[in-house]
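Q: Got a predicted model here, sequence first, then my questions.
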Amino acid sequence: MNPGDRIRAEGPDRTVEGVYLPSSTPEHLVVKLDGGYNVGLDRESSTVEVIEPDVYDVAGEEPADESTSEIAYDDDLPTISLLSTGGTIASTVDYRTGAVTARFDAEDVLRAVPELAGRANYRGRVVSNILSENMEPAIWQDLARAVAEEIEAGADGVVIMHGTDTMQYTASALAFMLETPVPIVFTGSQRSADRPSSDNVMNAVCAVEAAKADCAEVLVCMHATESDDVCALHRGTRVRKNHTSRRDAFETVGASPLGAVAYETEDSPTATVTFDGEYVERGHANLSVDAALESDVDLLKFAPGMDPAFLDVAEGSAGLVIEGTGLGHVHTDLVPRIEALVDDGTTVVMTSQCLEGRVCDRVYDTGRDLLEAGVIEAGDTLPGTALVKLMWVLERESDADAVAAAMETSVAGELQDRSVPWT
C-alpha cells in the first residue's frame, strides 16, 4: 500500500473509502474521503484493501502533468522568498489527538500548493514553527532580520506564512522595524489544508502575486469575502482579525484596504493585483532593518468596575497601552494610579476599544484629567499596533516629550490624520 492508492479501510465501528495519504503514522492511517475531509484510523484494528493503486495524487484529485506542477528556476521570473513561522497554513492534523498542529516548513507548502508553480522562483526558509499564540517579540526580531537577509540576497518580494490569530501584531512589528524596497506580504489560512473549505491555496497564490507587485509595504493578504473570488491587501498597521473562523476574518479598520487580488479558477488559477490607495512604490526606499524593541510593555483593557490593582501589572514597566472606553476614558478612580505610574517612569498611552474613530481626551473631564496625568493620546492607532509601536519607540527615545511626539506621529501608516465614517 502506497500513498495515492485508493483504499477501503474497515475498522471496528466504521468502513471508509478514499485515498491513502502520506501523512499517515505507524500507529494511524489517514484517508482522504471523496468529500474532501480526512479521517484517521487505528492501523492495528483496521483491515485495509487496495481498490486501485496510485490513480490519484495525495490531494485526492487527478494527478497534474509533472511539467506543469514542477517548481523550477526560470530566469524570466522574479524570486520570491517564502518564510514560514507556522500556523494553520503550514499545519496538518495530528490524528493522535485530533488537533491541528503546526508541522510543514516552507518547502512543504510549495509541494502542497502546486498552483504556485510558474509564478515565481522560490526560496524557502523556516524562521520558527509555532502556533501563533506562542509568537513573541524575540521572534518578530528574528523574522525582521531574516526578511532583510532575503532581500539582500536578491529576493524581489517576501511572503511570510503566519498563524492568523496574532498576524496583525507581527505585521505591525515588521512595518516599524523595516524599510523595504520590495513587498513584504503576510498570509495564512483560517482552515487547515485537510478541509475542503480550506483557504490556504488561494491565499498563498494571491500573496505571491502581491509580493510581485509594486507596493513595497508590509501587507496582509487574506480572503476579502467568504467566496474564493478575491483577497484583500491590508496595510499591516491598520488590519485587525475580526472573526474567529470566517475566511474573510481580516478587515482594514477606519479605511479601505490598499488593494485586492482577483482570483479566477475556471481553467487554471489566475490572480490580478490592483491598488486603490496611496502606497510606497517598489524601489522607493533603501533596505534597512532596526529590530531593537523594548519588550517590557503591556496592553490592558479597561472594564467597568475594574480593580485598580490590575494596574499593578505595569508597575515598574517601561510602557503601558490602555484600551479605554469611547474617546479614551477609564474610571475616574483610576486616574491617580495612572498618574503615579507616569511619575515613576512608565509611559502610558491611551487607545480606544471602539473599532472606528479616534481618541480625544479633551472633550470630557476624565479625559482632561488623564492628559494632565501625562497620558499620551494614540489617535486612531489600533491598540495592538500601539503596543508594538510603543515597544519600538521606547527603544529609540528616552525623553518623555520625544516619546509623546513619536506616538502622535504616523510612522508606517498606523495613524491617520482624520477619522471619517467608513462603510
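A: Yep, it's here. Residues are numbered from 1 along each chain as shown.

Q: Pretty sure Ile80 sits against Val158.
A: Yes: in this structure Ile80 lies within contact range of Val158 using Cβ atoms under 8 Å: 7.1 Å. Quick note: C-beta positions are derived from backbone N, CA and C, even for glycine.

Q: Pull up the overlap in contacts between these two.
A: Here Ile80 and Val158 have Ala211 as joint contacts, going by Cβ atoms under 8 Å, 6 or more residues apart in numbering.

Q: who has more neighbours, those two?
A: Remark: of Ile80 and Val158, Val158 carries more neighbours, 28 against 25, as counted by other Cβ atoms under 10 Å.

Q: how near is that one to Leu219?
A: Distance, Val158 to Leu219, by Cβ to Cβ, to the nearest Å: 10 Å.

Q: do the same with Arg6
A: Distance, Arg6 to Leu219, using Cβ to Cβ: 41 Å.

Q: ok, for Val393, nearest residue in space, not its chain neighbours?
A: With Cβ to Cβ, 6 or more residues apart in numbering as the measure, Ala406 is the residue that lies nearest to Val393, at 4.5 Å, once sequence neighbours are left out.

Q: picking that back up, what do Val158 and Leu219 both touch?
A: Common contacts of Val158 and Leu219, defined by Cβ under 8 Å, 6+ apart, comprise 183-185.

Q: Okay, and which of the residues you listed map to strands?
A: Using DSSP state E, the members of the shared contacts of Val158 and Leu219 that fall in strands are 184-185.

Q: Redo the shared contacts of Val158 and Leu219 as TSV? Include pLDDT.
A: Shown next, in TSV, are the shared contacts of Val158 and Leu219 (pLDDT from 0 to 100):
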residue	pLDDT
Pro183	98
Ile184	98
Val185	98
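
Q: of all the shared contacts of Val158 and Leu219, which comes closest to Thr15?
A: Distance to Thr15, by Cβ to Cβ, is smallest for Val185 among the shared contacts of Val158 and Leu219, at 44.1 Å.

Q: Low-confidence stretches in this structure?
A: Within the chain, the segments meeting pLDDT under 70 span 22-25, 35-37, 54-72, 87-112, 191-198, 266-268, 419-423.

Q: Tell me where it has helices.
A: 66-69, 106-112, 137-152, 167-177, 200-211, 335-343, 365-372, 383-394, 400-407 (DSSP state H).

Q: helices and strands around the last one, which ones?
A: In this case it means helix 400-407. With contacts taken as 3 or more Cβ pairs under 8 Å, 6 or more residues apart in numbering; DSSP states H and E, helix 400-407 sits against strand 347-352, strand 376-377, helix 383-394.
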